[in-house]
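K.L.:
With the input below, show me the fold.
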Amino acid sequence: MKVNKFMINTIKDNKRISIITDLEVVGKEDHKIGEPTDVFKFGPVGGIAGGNNQQPTGGGMYGNVTNNYGGMNANGGTNAQQGVGGGNSNPYGSSNGGNSNPYGNKSSGSSPIARTAPTGGPNITPISALNMYANRWVIRAKVTEKSPVRTWQNAKGEGHLFSIILLDSSGYDVKCTFFKEAVDKFEPIIEEGKTYTFSGGRLKVANMQYNNCKSQFEITFDQNSEIHLDDQGDQIQEVYEFKKIAELEDMEPGGYCDILAVVKSVGDVGTIISKKSGKEMMKCELLVEDNSGADVRLTLWGLDAQNAPGLYTNAPVVAFKKCRLGDYGGRSLSGGKPSLNPNIQEANELMQWWNSNENRGQSRSLSSAGGGGGGRDTFESRKEVCSIKQEHMGNNDKPDYLSFKATFNFIKREKAGGDDGGGCWYTACANAGEPCKNMYKATQTSDGNWHCDKCQQTHPNCVRRFIVSACLADDTATTWVSLYNSEMETLLGGVTADTLYQEYADTGSKDSYDSAFLTASYTEWVVTCKVKQELVGDETRTKTSVVRMSPIDYAKENKSLLNALAAY
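P.N.:
Residues are numbered from 1 along each chain as shown. This next block holds a predicted model:
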């Protein structure tokens, strides 16, 4: 093993211990090296005499640090200046042997870690060296991310907070959080991309379920912390650990990785409603490729999604930091901090490969098209209808997604008739709020009202929602699909089930109903489908449902076809 960082400390009875904080395995030996001896049988080591009435050192448990951290010991001087022994009775390591202050004098850096001290500046602690036994540290770091101010409320009270990610020259980053008064004091002065010195924070062990920083700790700053802009600080560069896109197949979903890739195509900016917060979120799907022969779908969110169409056209090289790997629709990436055309050697090499490689764009896709969320699907990621059977989609535990261009050659509809018009819809609860959202079935009662078992409410009316079976076809195959209310309204040009029912109820004629369906037949669309096995009775069936559809933009379609032909 190669020991990169360690600390040596003297404890009771002149025993010295070594704490290894960073090591790496450099090889394996099949025989014993040297003559290792049990330290407790051997006695005091390191030249410390045991019977010369010499007092133990004054450092605490983590008192002495070797030259590996800059040649300083815990008492603020070099080992050559102070030696190992000494008569200092201060257990916290004051350089003044007669000082009775139990916390040492301020000129002595009584810290369990060493600090690099630039001339005239504070003693700087690397983020990689932070530990729970140090409370008087100063870090110099760059703010790489800054969150908006959020409010919180629980049984203990309420307040507001924001968080930042700090990166220093050691290549380590750490998450920091500010609460209440600290938000009011520091949020206006901290800017993303600038370098500051930070001190007076409180460490706690990081919850790695919600933290993807390298440091095993998180820092909480309060209003008494000290933060100063560092104009003279060294330029701190982002550190990447890139993975090839082809390697994502062998990685476990749920982890994080850095990706350097060429953006092949940019989807339209769409919106979805977050299931967790109920708020509307912007998203944009990119298709990215590198020189490993594979491409993958990457989803950006928020402002990154909003700015994507203007930034990532014309196939730029982009570095994405800490993307989350998912298995939704094959392999997919989400989030990640983008850096456009980064000034690194790997980016220059990738751009040279892209410009010189005639087979670029003919890569293997790790993502099934669509991914089931919002946004639009790219021309390059489309499949054909026959792919559903050829690729055995729907046979996995999770649903598969694909998009293709196809024509509705048949739309199944029931004949109008009966009290409810006999249309291809169901009666849903009129409650547009939680928990029903006009989705759960409502049943008519004997007094003519409509009762919902979900919210246990009765309303004087109901909402009718489409549920339709149709047949889609392209030049390779046909498939039956299910369409639900929003997709069916898109297909009918915005006509709702309530509108068709009301026209039937007013006129008693099915002409408007039939006309709407005939108009939608033999129209061509780009559709995204979910393929999943479902248990119907005692039989397992593969069900294909339309989750998104859009009409053909023939000008854009022709341009995409020309680009695809030029790539061959």
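
K.L.:
what bridges to the spatially most central residue of the chain?
P.N.:
The chain has R324 as the residue nearest its centroid, 4.1 Å off, counting by CA atoms, centre = their mean. R324 has these beta-bridge partners by DSSP bridges: Y256, S334.

K.L.:
measure M549 to F408 for me?
P.N.:
10 Å (CB to CB, to the nearest Å). All C-beta atoms are positioned from the backbone trio N, CA, C, and that covers glycine.

K.L.:
Mutual contacts of those two, please.
P.N.:
491, 525 (CB atoms under 8 Å, 6 or more residues apart in numbering).

K.L.:
picking that back up, what separates the residue nearest to the centre of the chain from M393, distance-wise?
P.N.:
As for R324, its distance to M393 is 24 Å (criterion: CB to CB).

K.L.:
quick revisit: ok, the residue nearest to the centre of the chain touching E252?
P.N.:
No: under the criterion of CB atoms under 8 Å, R324 makes no contact with E252, lying 11.8 Å away.

K.L.:
Can you show me the strands along the stretch 301-450 of the chain?
P.N.:
317-326, 332-334, 337-340, 364-365, 400-411, 425-428, 442-444, 450-452 (DSSP state E, counting those that start in this stretch).

K.L.:
low-scoring pLDDT stretches of this structure, where are they?
P.N.:
For the chain, the stretches flagged by pLDDT under 70 are 10-14, 29-33, 38-122, 232-234, 274-278, 328-330, 358-362, 368-377, 415-422, 568.

K.L.:
Could I get the full set of helices for it?
P.N.:
Remark: helices assigned in the chain by DSSP state H are 39-42, 79-82, 181-186, 302-311, 345-356, 387-390, 485-491, 497-507, 511-520, 554-567.

K.L.:
May I see the buried residues of the third one?
P.N.:
Put plainly, it is helix 181-186. Neighbour-count burial for helix 181-186 flags 182-183, 185-186 (criterion: 16 or more other CB atoms under 10 Å).

K.L.:
so can I have TSV of these showing distance to Q444?
P.N.:
Shown next, in TSV, are the buried residues of helix 181-186 (distance: CB to CB, whole Å):
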residue	distance to Q444
A182	58
V183	54
K185	61
F186	60
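
K.L.:
Which member of these is positioned nearest E414?
P.N.:
V183 (59.1 Å; CB to CB).

K.L.:
Which one, of the strands of the stretch 301-450 of the chain, ends up nearest to T125?
P.N.:
strand 317-326 (23.7 Å).

K.L.:
Any idea how far that closest one is from the middle of the chain?
P.N.:
In this view, strand 317-326 has its centroid 8 Å away from the chain centroid, taken as CA atoms, centre = their mean, to the nearest Å.

K.L.:
same deal with stretch 160-175?
P.N.:
Offset of stretch 160-175 from its chain centre (CA atoms, centre = their mean): 16 Å.

K.L.:
Over to stretch 319-336?
P.N.:
7 Å.

K.L.:
heads up, I number from 35, so please use that
P.N.:
Okay, using 35 as the starting number, the last item reads as stretch 353-370.

K.L.:
Extract the C-alpha trace of that stretch and format it as CSV.
P.N.:
Output of stretch 353-370 as CSV, limited to C-alpha atoms (Å, rounded to 0.1, in the frame of the first residue of the first chain):
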residue,chain,number,x,y,z
ALA,A,353,-19.2,18.3,-20.0
PHE,A,354,-22.0,17.2,-17.7
LYS,A,355,-21.1,17.0,-14.0
LYS,A,356,-22.8,14.5,-11.7
CYS,A,357,-25.6,13.2,-13.9
ARG,A,358,-27.9,10.7,-12.3
LEU,A,359,-28.0,7.3,-14.1
GLY,A,360,-31.5,5.8,-14.5
ASP,A,361,-32.9,2.7,-16.2
TYR,A,362,-36.2,4.3,-17.2
GLY,A,363,-36.5,3.2,-20.9
GLY,A,364,-33.1,1.5,-21.1
ARG,A,365,-30.3,3.7,-19.8
SER,A,366,-30.9,7.4,-19.3
LEU,A,367,-29.2,10.4,-17.6
SER,A,368,-30.9,13.1,-15.6
GLY,A,369,-29.6,16.5,-14.4
GLY,A,370,-26.0,17.2,-14.3
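
K.L.:
Give me the residues contacting stretch 278-289.
P.N.:
With contact meaning CB under 8 Å, 6+ apart, stretch 278-289 is reached by 277, 291, 293, 295, 322-330, 358-361, 365, 367, 398, 400.

K.L.:
Just give me the neighbour total for the closest residue to G235 other than its chain neighbours.
P.N.:
Nearest residue to G235, sequence neighbours excluded (CB to CB, 6 or more residues apart in numbering): I253, at 4.1 Å. Neighbourhood size, I253 [other CB atoms under 10 Å]: 25.

K.L.:
what pairs with W484 across the strands?
P.N.:
When bridges are called by DSSP bridges, W484 pairs up with Q478, H493.

K.L.:
Double-check it against C463; I have them as touching.
P.N.:
Yes: judged on CB under 8 Å, W484 makes contact with C463 at a distance of 7.3 Å.

K.L.:
Show me which of those two is the more surrounded one.
P.N.:
C463 (25 against 20).

K.L.:
Find the nearest non-adjacent residue to the more buried one, please.
P.N.:
C463 sits nearest to C486 (CB to CB, 6+ apart), 3.7 Å away.

K.L.:
Same question for E225.
P.N.:
Excluding its sequence neighbours, the residue lying closest to E225 (CB to CB, 6+ apart) is V177, at 6.8 Å.

K.L.:
give me every residue that touches the one you found.
P.N.:
Contacts for V177 (CB under 8 Å, 6+ apart) come out as 198-200, 224-230.

K.L.:
for those, which one is nearest V303?
P.N.:
Taking CB to CB as the measure, V303 sits nearest to E226 out of the contacts of V177, at 22.3 Å.

K.L.:
contacting residues around I293?
P.N.:
I293 neighbours (CB under 8 Å, 6+ apart): 276-277, 279, 322, 324, 332, 353-354, 357, 367, 370.

K.L.:
change it to 7 Å
P.N.:
By CB atoms under 7 Å, 6 or more residues apart in numbering, I293 lies in contact with 276-277, 279, 322, 354, 357, 367.

K.L.:
Could you turn the buried ones of those residues into a ChimeraX selection?
P.N.:
Entered in ChimeraX, the line below selects the buried ones among the contacts of I293, by 16+ other CB under 10 Å:
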select :276,277,279,322,354,357,367
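
K.L.:
Closest one to E383 out of the contacts of I293, please.
P.N.:
Compare each of these with E383 using CB to CB and the shortest gap goes to F276, at 11.4 Å.

K.L.:
Verify the contact between the closest one and C291 for me.
P.N.:
No: with contact defined as CB atoms under 7 Å, F276 does not count as touching C291 (8.1 Å).

K.L.:
burial of R365, as a residue count?
P.N.:
Neighbour count of R365, defined by other CB under 10 Å: 20.

K.L.:
actually G428, sorry about that
P.N.:
Neighbour number of G428 under other CB under 10 Å is 20.

K.L.:
now E252
P.N.:
E252 has 20 neighbouring residues, counting by other CB under 10 Å.

K.L.:
list the contacts for it?
P.N.:
By CB under 7 Å, 6+ apart, the residues touching E252 are 208-209, 211, 238, 240, 245.

K.L.:
Distance to I378 and neighbour count added to those residues, as JSON lines?
P.N.:
Shown next, in JSON lines, are these (distance: CB to CB, whole Å; neighbours: other CB atoms under 10 Å):
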{"residue": "V208", "distance to I378": "23", "neighbour count": "26"}
{"residue": "K209", "distance to I378": "24", "neighbour count": "21"}
{"residue": "T211", "distance to I378": "30", "neighbour count": "17"}
{"residue": "K238", "distance to I378": "34", "neighbour count": "12"}
{"residue": "A240", "distance to I378": "28", "neighbour count": "18"}
{"residue": "N245", "distance to I378": "26", "neighbour count": "17"}
